[in-house]
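Asks: could you look at this predicted model? Sequence included:
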Amino acid sequence: MSSTHFGFQQVDEQQKAQRVRGVFDSVAGKYDIMNDLMSMGLHRLWKAYTIAASGVREGHKVLDIAGGTGDLSEAFAKRVGATGMVVHTDINEAMLSTGRDRLLNAGMALPTTLCDAEKLPFPTGTFDIVTVAFGLRNMTHKDLALKEMCRVLKPGGRLLVLEFSKVAKPLEKAYDWYSFKILPKLGQIIAGDAASYQYLAESIRMHPDQATLKGMMKEAGFGHVDVHNMTGGVVAMHMGIKC
């Protein structure tokens, strides 16, 4: 049986999906407040930049993968209007349910689908924009997921991958201290779960750096890929355009 990483641990591939599911089952209820605390509110600016870079406009069809609590889906839905469509998806039922409830509370009844990014249940060439924010690093076969994202895009469509990445050298020591000393403590205090936020810090270190992910997107079928570093490389937004 093939193995893969779960944070710094090596586990069977089938185990990883179950363990990632356990992490998000545990943190779903406190996910938004933890995002605000962990990033000091910066995640809202990172997401706003991603939406602006997407070029979304009225009538577009948007697929939000690993959409979680639905903040990106909500923002896109406000821009595509009545003639467009935003599909909110996640592989984790607890996160998807939390997001669906949030969207309904905001007066938005968007299509909501439980699905695996490695096997997207949509026809080829369906969407103008596909986005995945802070979800790619948790996928077991990132190469397959990227190929699927490319497949469901229309020619000329855009994939936007917003993800934690490799920080600039001068920030490394401070970032490591924050990641491994502060994040798990915040997780314990706010969400009652230090282990899930220890996994978060480890999974970021195991994720491909900016140049590697750019190469993976090109391998997956994107003809042009731009990389936008934010907050000293703490986060990077990769935008790929399908040929």
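Replies: Perfect, thanks for sending it.

Asks: and residue 137, that's in a strand?
Replies: No - remark: residue 137 does not belong to a strand; assigned using DSSP: H, G, I helix; E, B strand; the rest coil, it is helix.

Asks: number of nearby residues for it?
Replies: Residue 137 is flanked by 21 other residues according to other CB atoms under 10 Å. Glycine gets a C-beta too; all of them are placed from N, C-alpha and C.

Asks: check contacts around the nearest residue to it once chain neighbours are set aside.
Replies: Excluding the flanking residues, the one nearest residue 137 by CB to CB, 6 or more residues apart in numbering is residue 207, at 4.0 Å. Each residue near residue 207 by CB atoms under 8 Å, 6 or more residues apart in numbering is listed here: 136-137, 163-165, 213.

Asks: can you list the weak-confidence ranges in the protein?
Replies: 1, 6, 11 (pLDDT under 70).

Asks: right, and the helix or strand after the biggest helix by length in it?
Replies: Secondary structure of the chain per DSSP state H: the longest helix is helix 13-27. Using DSSP states H and E, the helix or strand that follows helix 13-27 in sequence is helix 31-39.

Asks: which strands and helices sit next to the helix or strand just after that next one?
Replies: Counting by DSSP H and E, the next helix or strand C-terminal to helix 31-39 is helix 42-54. Contacts defined by 3 or more CB pairs under 8 Å, 6 or more residues apart in numbering; DSSP states H and E place helix 42-54 against helix 31-39, helix 71-80, strand 127-133, strand 153-164, strand 222-230, strand 235-242.

Asks: go again using 6 Å as the cut-off
Replies: strand 153-164, strand 235-242 (3 or more CB pairs under 6 Å, 6 or more residues apart in numbering; DSSP states H and E).

Asks: list the buried residues of that helix.
Replies: For helix 42-54, burial by neighbour count (16 or more other CB atoms under 10 Å) applies to 43, 46-47, 49-51, 54.

Asks: and the longest helix of the chain, how far from the chain's centre?
Replies: 15 Å (CA atoms, centre = their mean, to the nearest Å).

Asks: ok, residues contacting it?
Replies: 2, 4, 6, 92, 94-95, 138, 140, 191, 193, 196, 199 (CB atoms under 6 Å, 6 or more residues apart in numbering).

Asks: could you find the closest non-adjacent residue to residue 83?
Replies: residue 59 (4.4 Å).

Asks: the one you found contacts residue 84, doesn't it?
Replies: Yes - Residue 59 lies in contact with residue 84 (CB atoms under 6 Å); the separation is 4.9 Å.

Asks: more neighbours: which of the two?
Replies: Comparing residue 59 with residue 84 by other CB under 10 Å, the one with more neighbours is residue 84, at 18 against 12.

Asks: roughly how far apart are that one and residue 159?
Replies: Distance of residue 84 to residue 159, computed by CB to CB, to the nearest Å: 18 Å.

Asks: one more: residue 235?
Replies: Taking CB to CB, one finds residue 235 at 16 Å from residue 159.

Asks: kindly report the same for residue 34.
Replies: As judged by CB to CB, residue 34 and residue 159 stand 26 Å apart.

Asks: and for residue 4?
Replies: Distance from residue 4 to residue 159, by CB to CB: 23 Å.

Asks: who has more neighbours, the two?
Replies: residue 159 (27 against 17).

Asks: show me what contacts that one?
Replies: Here residue 159 is in contact with 130, 149, 240 (CB under 6 Å, 6+ apart).

Asks: cheers, nothing more for now.
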